[in-house]
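Asker: the following block contains a protein sequence and its predicted model.
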Amino acid sequence: MKVHFIAIGGAAMHNLALALHQRGDTVTGSDDAIFDPSKSRLDAHGLLPKKTGWFTEKITDDLDAVILGMHAKADNPELLKAQALQLKILSYPEFIFEQSKFKTRVVIGGSHGKTTITAMLLHVLNYHDRAVDFMVGAQLDGFDIMVQLTDDNDFIVLEGDEYLSSPLDRRPKFHHYKPNIALISGIAWDHINVFPTFENYKEQFSIFVDSIVDGGSITYNAEDQNVKAVVEGSGNPIRRFPYTTPEHYIDDGVTFLETEEGPIPLEIFGDHNLNNLAGAKWICQQMGIDEIDFYEAISSFSGASKRLEQIASNNTSILFKDFAHAPSKVKATTDAVRAQFPKKRLLACLELHTYSSLNEEFLANYQNTLSSATEAVVFYSPQALKIKQMKPISEAQIIDAFGHSNLMVFTEPVAFQEFLKSQSYNNTALLLMSSGNYGGLDFDRLKELIL
């Protein structure tokens with residue numbers, strides 16, 4: 001195939017481009033800005049555009065497909081030329097479905113937990129040398145590229161994102177996949193710039209459940225009442241497999257999973273991760289991995305990148321980095337660290353970075369999400385609000401919204417960094433939660449301070 005990517009620098013887009021290149025397809029691409037790790041990874045494979053920007057001469061009538069990323073605009077000059085030439089234009093989820101029509105599609109959806117569950121599946125399958133195709137949004141240990149498409153593998157495992165597919169296709173990505181085996185881990189309002197009400201957001205998951213093919217199945221978190229309502233309210237005649245958080249205990253900072261084979265020590269921790277594990281086990285069993293083999297493999301799973309990732313520790317201190325930004329994720333992550341280290345001071349820091357988190361009407365959803373932290377910090381950039389053309393929010397609004405008695409608010413990166421440098425980390429767990437980088441925080445320097 002000869003394929004051109006409009007907005008090749010995206011996390012999923014560049015991985016798909018690399019996968020097609022490795023498969024032997026001819027791949028070109030454009031973007032108006034490309035950052036690492038996409039930039040260096042594309043460069044290493046000879047796919048980095050020589051210049052940033054949009055170049056209509058790249059759009060030729062011999063292209064088999066043009067893959068359009070969400071970052072591009074509807075008036076993109078390359079897109080307009082592709083339309084004029086009547087080329088086949090696809091969003092990447094549409095392309096993934098085209099490439100997996102004759103495979104068993106396993107799709108993991110949910111407002112939170114989907115990346116971790118997908119990572120668990122790939123870890124277990126890889127551990128037992130079960131080859132599958134896949135697409136996942138985070139970089140995982142042991143995988144060079146996070147998209148794999150072959151002609152040989154029977155299964156494809158897909159992380160099912162509910163965000164929009166492309167500027168031309170306003171459907172959520174996971175509506176395209178038509179799963180044979182599906183999972184929903186949780187439903188908590190997110191992406192409010194696209195889904196203005198919770199009911200509208202929840203409806204996308206109902207459509208997802210209804211899109212499961214005849215004879216398919218849905219595995220679902222029965223502890224989440226929104227998930228239960230969506231799954232059990234669907235008229236789709238599919239098999240339903242509910243799961244709940246398994247029995248476990250914590251001993252000296254290590255979580256042990258209770259099984260019929262005896263307790264199994266895990267590298268991960270937190271009720272939300274144990275709940276994710278239960279869902280992953282059900283999916284693995286449907287893919288031919290029995291329970292004992294699942295337990296053997298999952299004991300060495302250390303987590304997906306940026307998902308409660310331990311990045312530094314010594315005898316008295318420990319530092320975690322997490323992608324959490326939505327209220328349900330923030331609470332689950334903070335509670336997990338508190339439960340794992342009940343005797344340590346817990347300093348929890350959260351950057352408000354997304355459209356939802358910076359919306360003054362959405363802030364109330366963060367009430368008590370940091371309550372298990374000894375001390376809490378919220379960082380946000382007023383400049384980010386200007387860029388996103390959103391109303392300003394004040395320190396008082398944030399303090400009122402979170403309801404934490406020991407909360408500090410920072411709006412300047414240097415001031416926040418100086419605060420972190422000034423702290424004593426003796427007997428402390430430091431938790432940094434963000435989908436951004438706190439205005440340029442030097443994590444290596446922070447690790448040095450703690451160690």
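Answerer: Arrived safely, thanks for sending.
Asker: contacts, neighbours, all on C-alpha from now
Answerer: OK.
Asker: mind listing the strands in the stretch 51-200 of the chain by residue range?
Answerer: All strands of the stretch 51-200 of the chain, identified by DSSP state E, counting those that start in this stretch, fall at 65-68, 89-91, 104-109, 133-135, 147-148, 155-160, 181-184.
Asker: the stretch 201-350 of the chain now?
Answerer: Using DSSP E, counting those that start in this stretch, the strands of the stretch 201-350 of the chain run over residues 217-221, 239-243, 248-251, 254-257, 264-266, 309-313, 317-322, 345-351.
Asker: distance to V106, mean pLDDT and mean neighbour count added to those, as JSON lines?
Answerer: Output for these, formatted as JSON lines (distance: least, Cα to Cα, whole Å; pLDDT from 0 to 100; neighbours: other Cα atoms under 10 Å):
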{"stretch": "strand 217-221", "distance to V106": "10", "mean pLDDT": "98", "mean neighbour count": "24"}
{"stretch": "strand 239-243", "distance to V106": "14", "mean pLDDT": "98", "mean neighbour count": "16"}
{"stretch": "strand 248-251", "distance to V106": "27", "mean pLDDT": "93", "mean neighbour count": "14"}
{"stretch": "strand 254-257", "distance to V106": "25", "mean pLDDT": "94", "mean neighbour count": "18"}
{"stretch": "strand 264-266", "distance to V106": "25", "mean pLDDT": "94", "mean neighbour count": "18"}
{"stretch": "strand 309-313", "distance to V106": "26", "mean pLDDT": "88", "mean neighbour count": "17"}
{"stretch": "strand 317-322", "distance to V106": "26", "mean pLDDT": "92", "mean neighbour count": "21"}
{"stretch": "strand 345-351", "distance to V106": "33", "mean pLDDT": "96", "mean neighbour count": "24"}
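Asker: could you measure from M1 over to L68?
Answerer: 16 Å (Cα to Cα, to the nearest Å).
Asker: please say which of those two ends up with more neighbours.
Answerer: Of the pair M1 and L68, L68 is the one with more neighbours under other Cα atoms under 10 Å, namely 28 against 14.
Asker: need the contact list for that one.
Answerer: By Cα atoms under 8 Å, 6 or more residues apart in numbering, the contact list for L68 reads F5, I6, A7, L79, I89, L90, S91, Y92, S166.
Asker: beta partners of it?
Answerer: Counting by DSSP bridges, L68 is bridged to I6, S91.
Asker: picking that back up, just send the strands of the stretch 51-200 of the chain back as TSV, with distance to I238 and mean pLDDT too.
Answerer: What follows is the strands of the stretch 51-200 of the chain, written out as TSV (distance: least, Cα to Cα, whole Å; pLDDT from 0 to 100):
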stretch	distance to I238	mean pLDDT
strand 65-68	32	98
strand 89-91	28	97
strand 104-109	14	98
strand 133-135	23	96
strand 147-148	28	94
strand 155-160	19	97
strand 181-184	10	98
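Asker: closest one to V409 among those strands?
Answerer: Closest to V409 of these is strand 104-109 (Cα to Cα; 33.1 Å).
Asker: what lines up beside the closest one in the sheet?
Answerer: Strand 104-109 pairs in its sheet with strand 155-160 (parallel), strand 181-184 (parallel), by DSSP bridges.
Asker: deepest in the core, which of those is it.
Answerer: Among these, ranked by average contacts under mean count of other Cα atoms under 10 Å, first place goes to strand 181-184 (a mean of 27).
Asker: what separates it from the chain centre, distance-wise?
Answerer: With Cα atoms, centre = their mean, to the nearest Å as the basis, strand 181-184 stands 16 Å off its chain's centre.
Asker: got the CA coordinates for that strand in CSV?
Answerer: Extracted in CSV, the C-alpha atoms of strand 181-184 (Å, rounded to 0.1, in the frame of the first residue of the first chain):
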residue,chain,number,x,y,z
ILE,A,181,-14.9,-9.3,22.7
ALA,A,182,-15.3,-6.1,24.6
LEU,A,183,-14.7,-4.6,28.1
ILE,A,184,-15.8,-1.5,29.9
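Asker: ok, residues contacting that strand?
Answerer: With contact meaning Cα under 8 Å, 6+ apart, strand 181-184 is reached by 104-110, 114, 209, 212, 216-221, 227, 279, 283.
Asker: swap in stretch 403-414?
Answerer: With Cα under 8 Å, 6+ apart as the test, stretch 403-414 has contacts from 367-368, 370-371, 374-382, 395, 398-399, 416, 438-441.
Asker: ends of it, what's the gap?
Answerer: Terminal residues of stretch 403-414 are spaced 25 Å apart (Cα to Cα).
Asker: give the buried residues for that stretch.
Answerer: Along stretch 403-414, these residues count as buried under the neighbour rule (16 or more other Cα atoms under 10 Å): G403, H404, L407, M408, V409, F410, T411, P413.
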